[in-house]
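[1] Got a predicted structure plus its sequence, pasted below:
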Amino acid sequence: MTIHTLNHLFRASIQNNPRPDRMMYKSEGKWVSVSSERLDRETTATSQGLVGLGLLPGDRVALVSETRYEWCVADLGILGAGGINVPVYPTLLTDQIAYILQDSKPKMVICSTPEHAARIESIKDTVPSLELIVCMDPRPRPGALSLRDVQKIGLDRLAVDRSDHDRLAALVKPDDIATIVYTSGTTGNPKGAMLTHDNMVQSILGSAKVLDTSPEDIALSFLPLSHVFERAAHYYLLLQGVRICYAESIEKVPENIVELRPTVMVAVPRLLEKAYARVLKVAEESCGAKRRTFFWAKEVGRRVASLKVQNQPVPRLLSLQARMADRLVFSKLRQRFGGQLRFFISAGAPLSVEVAGFFSSAGINVLEGYGLTEVSGGMTINHKGAARLGSVGKALPGVEIRINDDGEILTRSRMVMRGYLNQPEATREAIQDGWFYTGDIGRFDTDGFLYITDRKKDLIVTAGGKNIAPQPTENRLKQHRYIAELALIGDRHKYVVALIVPNFEELEAFAAGQGIAWDSRARLLDNGHVLALFQGAIDEANQSLSRYEQIKKFALLDRDFSIETGELTPTLKVKRRVIQEKYGDLIRKLYGDDEQK
């Protein structure tokens, strides 16, 4: 089947790779297999049920849900009816959800739980277009239908005549809008990127030409499907016939990995960094011989990774040491990831070479890629035969990339969005002469691998006119055992300071070991030994920085940054300007009289 739309893609996935375990999810403590036939039946019933309830081609349906099997069913059902899916992160604040609904004007909203439905009900009067609320859970709140109710309506219609579903799905054209995905953004209100069926299909087909997956693979899905990266990966896995298993939650991912033994996973760098930090913690707390063996193996792995980055051969002795390190250390690490994991696909933010190299040494490749909501998720990817640690790979087939005079990455392809909903001026600014201006700063190496250095608008420009890219330093410091998160501040100031969120679990264990008495986080963070601990981490980082990049002062925060409080995007990127506003008094105190000199 020739694939021009996402409806074609779904039909091809059902016809080409029928299987009894097309998808899996956990219910009442047991994993449930979903056959291709069930997936097709429930998706088609959802589509016809929505039509029976008044959905017309081109109407918008907002989807407010965490990642789960029903998300996929609802999404494919909306598309099959010719509708437009507007995914919304359920973790957003209610007023943020209201803004998206008011801007996108959906006719219907599909929620995951009665609690989410209640939130939508509370703002329904501010969204005149909204006619119906549907709840995925079987017992919705009063005034809402359940997804099962919708499917029953659809099955009744299909029993009379299936041709209407086939007709509506076939009416969808490649240039029709499939989805409006709101950018999480690090500043201002989110913008709705209008992505067509062709945009998404080109991204998926391009990935299929370079990535190595098959129906033998098992994928564990846990990132938000509301984000275009995970969603595009989902469509790709469907097309490839990979079994997709839905994690119970982010917290349950380690447990689910051991149960399901996946071969492929999609992740964001922060999750990989946390996994790396946990491994280091266990090693550091081990007994002498075991600890020495781990760090010897880690160093062997680092040397091997360094040679691979430079495309250099691995000497015979080092190769023998690497095999020994694998037997003693890395093979055990792989078992923690189920024992079958071949690779992670990572995107969303830069990943440090140290973390990527460590997993690679353990026989788990991290295929770092790069993309944006506005380009349907993917532009570049590392893959078998064309991978380089530290880079985000080479351009996908059909993608053109160039670096502008100011270092900004520009791209042109059929994956570039139609534009931003209701924002023609922002669209004209973002897309010029067919080139999309990404807002990211990057460079190519001599072999054509792309490296991302920072966000253009996230660059710190000091009072002295020096440009500083904060992300590399932040990523390096976040690998420190006692640092959970941080933000560098310095725009229009004389020097750089840091706001640091400690890893309180580790810090409290340190305090106990040092005999430090404390009765509140504020008192703990004011302790001289604690301050010296973090000063040491800053001093170590400063050694590899130019003088104007160095962190002169820091402050410790007594609570974490979060999505709910607005400091992080749903993909865990720091919203620097929000942090600067929220902690303005503390930042001014850090600079103090120095700004007057």
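    Looks like it came in fine.
[2] Where does pLDDT dip in the stretch 201-350 of the chain?
    In the predicted model of the stretch 201-350 of the chain, residues 309 satisfy pLDDT under 70.
[3] How are the helices of it distributed by residue range?
    Taking DSSP state H, counting those that start in this stretch, the helices of the stretch 201-350 of the chain run over residues 228-240, 253-260, 269-284, 288-309, 316-325, 331-336.
[4] Kindly report the same for the stretch 1-150 of the chain.
    6-16, 36-52, 69-80, 94-104, 114-123, 147-160.
[5] Output the contacting helices and strands for the second one.
    This means helix 36-52. helix 6-16, helix 69-80, helix 147-160, helix 163-171 (3 or more CB pairs under 8 Å, 6 or more residues apart in numbering; DSSP states H and E). For every residue, glycine as well, the C-beta is placed using N, CA and C.
[6] same thing but 10 Å
    helix 6-16, strand 23-27, helix 69-80, strand 108-111, strand 132-135, helix 147-160, helix 163-171 (3 or more CB pairs under 10 Å, 6 or more residues apart in numbering; DSSP states H and E).
[7] roughly how far is it from the heart of the chain?
    28 Å (CA atoms, centre = their mean, to the nearest Å).
[8] cool, and the last one?
    The chain centroid and the centroid of helix 147-160 are separated by 34 Å under CA atoms, centre = their mean.
[9] how about it: buried residues?
    147-151, 153-155, 157-158 (16 or more other CB atoms under 10 Å).
[10] for the second one, same thing?
    Residues 36, 39-52 are the ones in helix 36-52 that count as buried (16+ other CB under 10 Å).
[11] For Leu477, state which of the residues you listed is nearest.
    Lowest distance from Leu477 to these (CB to CB) belongs to Leu39, with 44.2 Å.
[12] Tell me if I'm right that the closest one and Tyr25 touch.
    No. Leu39 lies out of contact with Tyr25 (CB atoms under 10 Å); the separation is 11.6 Å.
[13] which stretches of the stretch 351-500 of the chain form strands?
    365-370, 380-381, 394-395, 400-403, 408-412, 419-420, 431-432, 435-444, 450-455, 460-461, 467-468, 483-489, 496-502 (DSSP state E, counting those that start in this stretch).
[14] still on that earlier bit, so of the helices and strands packed on helix 36-52, which one's packed in deepest?
    Neighbour counts (mean count of other CB atoms under 10 Å) averaged over each of those peak at strand 108-111, with a mean of 28.
[15] CA atoms only: put it into PDB for me.
    Output in PDB follows, covering the C-alpha atoms of strand 108-111 (Å, rounded to 0.1, in the frame of the first residue of the first chain):
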ATOM      1  CA  MET A 108     -15.000  17.700  21.500                       C
ATOM      2  CA  VAL A 109     -12.500  16.800  24.300                       C
ATOM      3  CA  ILE A 110     -11.500  13.300  25.100                       C
ATOM      4  CA  CYS A 111     -10.000  12.900  28.600                       C
END
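[16] ok, back up a step: what touches both of Leu39 and Tyr25?
    Counting by CB atoms under 10 Å, 6 or more residues apart in numbering, the common neighbours of Leu39 and Tyr25 are 69, 72, 244.
[17] Not counting its neighbours along the chain, what's nearest the first one?
    Excluding its sequence neighbours, the residue lying closest to Tyr69 (CB to CB, 6 or more residues apart in numbering) is Tyr25, at 4.4 Å.
[18] could you check the distance from the closest residue to Leu499 other than its chain neighbours over to Asp558?
    Excluding the flanking residues, the one nearest Leu499 by CB to CB, 6+ apart is Ala487, at 5.0 Å. Distance of Ala487 to Asp558, given as CB to CB, to the nearest Å: 15 Å.
[19] more neighbours, those two?
    Set Ala487 next to Asp558 and count neighbours by other CB atoms under 10 Å: Ala487 wins out with 22 against 13.
[20] Skipping adjacent residues, who's closest to Gln68 in space?
    To be clear, residue 68 is Arg; Gln isn't right here. Residue nearest to Arg68 in three dimensions, not counting chain neighbours: Tyr246, with 5.6 Å by CB to CB, 6+ apart.
[21] Isn't the one you found up against Lys26?
    Yes. Between Tyr246 and Lys26 there is a contact under CB under 10 Å: 7.7 Å.
[22] which neighbours do these two share?
    68-69, 256.
[23] would you list these in JSON lines and tack on distance to Asp445?
    Listed next are these as JSON lines, based on distance: CB to CB, whole Å:
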{"residue": "Arg68", "distance to Asp445": "41"}
{"residue": "Tyr69", "distance to Asp445": "42"}
{"residue": "Asn256", "distance to Asp445": "37"}
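[24] Of those residues, which is the nearest to Leu205?
    Tyr69 (24.8 Å).
[25] wait, what's in contact with the closest residue in space to Phe337 that isn't next to it in sequence?
    Nearest non-adjacent residue to Phe337, counting by CB to CB, 6+ apart: Ile257, 5.6 Å away. Contact analysis of Ile257 by CB under 10 Å, 6+ apart lists 220, 222, 245, 247, 265, 336-341.
[26] mind running it again at 7 Å?
    For Ile257, the contacting residues are 220, 337-338, by CB atoms under 7 Å, 6 or more residues apart in numbering.
[27] Mind splitting this protein into its structural domains?
    Domains of the chain are assigned by automatic domain parsing as 198-411+424-455, 459-596.
[28] just these: most buried one?
    domain 198-411+424-455 (a mean of 19).
[29] And the next helix or strand past the helix or strand that contains Val181?
    Using DSSP states H and E, Val181 falls within strand 177-182. Per DSSP H and E, the first helix or strand lying C-terminal to strand 177-182 is strand 192-196.
[30] what pairs with that next one, and is each one parallel or antiparallel?
    strand 177-182 (antiparallel), strand 419-420 (antiparallel) (DSSP bridges).
[31] Rounded mean pLDDT for the first one, please.
    Right, the one you point to is strand 177-182. The average pLDDT within strand 177-182 is 97.
[32] next one: the last one
    The average of the pLDDT scores along strand 419-420 is 97.
[33] now it, how far from the centre of its chain.
    Centre to centre, stretch against its chain (CA atoms, centre = their mean), the figure for strand 419-420 is 21 Å.
[34] now swap in the first one and tell me
    Between the centre of strand 177-182 and the centre of its chain there are 17 Å (CA atoms, centre = their mean).
[35] Adding distance to Ala537, write the strands of the stretch 351-500 of the chain out as CSV.
    Formatted as CSV, the strands of the stretch 351-500 of the chain follow (distance: least, CB to CB, whole Å):
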stretch, distance to Ala537
strand 365-370, 24
strand 380-381, 32
strand 394-395, 35
strand 400-403, 33
strand 408-412, 31
strand 419-420, 40
strand 431-432, 42
strand 435-444, 26
strand 450-455, 21
strand 460-461, 20
strand 467-468, 18
strand 483-489, 7
strand 496-502, 9
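[36] quick one: which of the domains of the chain is nearest Gly83?
    domain 198-411+424-455 (14.7 Å).
[37] Off-centre distance for that closest one?
    11 Å.
[38] picking that back up, make TSV out of the helices of the stretch 201-350 of the chain and add distance to Leu9.
    Output for those, formatted as TSV (distance: least, CB to CB, whole Å):
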stretch	distance to Leu9
helix 228-240	6
helix 253-260	24
helix 269-284	27
helix 288-309	35
helix 316-325	41
helix 331-336	32
